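> Any chance you can model this:
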Amino acid sequence: MQRILIIDDDAVTAAIYRALLEKRGYLVEVSSNGASGFQRVIESRPDGLLLDLMLPDNNGLQLLKSLRDLGYLDNVPVIVYTNAYVPQMVQPAHEAGATCVLDKSILTPLRLLEAFRDSLPVTA
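Numbers count the residues shown, from 1 in each chain. The predicted structure follows:
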């Protein structure tokens, strides 16, 4: 079973996406801030991340850069999403190591599932 870590300070959004991903067979864990999310990544080494860019204690882009700097997470897909979606955020997020960048305000459950399906390796 593939493991997904959601790092998002919005408990309602995180719960919705957690339930969606769990219904599709993923094992999902949620961290509500950047510091705990960073620690959970190190401890649990998830197969994929769903990362909000707007976190209260840590800029999501900086968190993503820090995670990618660890080296052993280079192949872990990171789906970045944010309510503050603006064109000038897409390129920096990709440069920081995002697999794809999604706009929370128009994100559908189907699009999120497609993003993980397209990013995660197929398991038997």
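> can you give me the strands for this protein?
Secondary structure of the chain (DSSP state E): strands located at 3-7, 27-31, 48-52, 78-82, 100-103.
> Can I get those strands in JSON lines including distance to N59?
The C-beta positions use only the backbone N, C-alpha and C, and glycine is treated the same way. Formatted as JSON lines, the strands of the chain follow (distance: least, CB to CB, whole Å):
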{"stretch": "strand 3-7", "distance to N59": "12"}
{"stretch": "strand 27-31", "distance to N59": "15"}
{"stretch": "strand 48-52", "distance to N59": "11"}
{"stretch": "strand 78-82", "distance to N59": "11"}
{"stretch": "strand 100-103", "distance to N59": "15"}
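> Can I get those in a markdown table including mean pLDDT?
Formatted as a markdown table, these follow (pLDDT from 0 to 100):
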| stretch | mean pLDDT |
| --- | --- |
| strand 3-7 | 96 |
| strand 27-31 | 97 |
| strand 48-52 | 95 |
| strand 78-82 | 92 |
| strand 100-103 | 91 |
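> Need the ones you listed in TSV (columns: mean neighbour count).
TSV is the format used below for those (neighbours: other CB atoms under 10 Å):
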stretch	mean neighbour count
strand 3-7	23
strand 27-31	18
strand 48-52	25
strand 78-82	25
strand 100-103	18
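> what's next to the helix ranked longest in the chain, contact-wise?
Counting residues, the longest helix found in the chain (DSSP state H) is helix 11-23. Contact with helix 11-23 is made by 4, 6, 8, 28, 30, 32, 50, 52, 104, 109, 112-113, 116, as judged by CB atoms under 8 Å, 6 or more residues apart in numbering.
> Show me which pair in those is furthest apart.
Of all pairs drawn from these, the one with the longest distance (CB to CB) is S32 and L113, at 22.6 Å.
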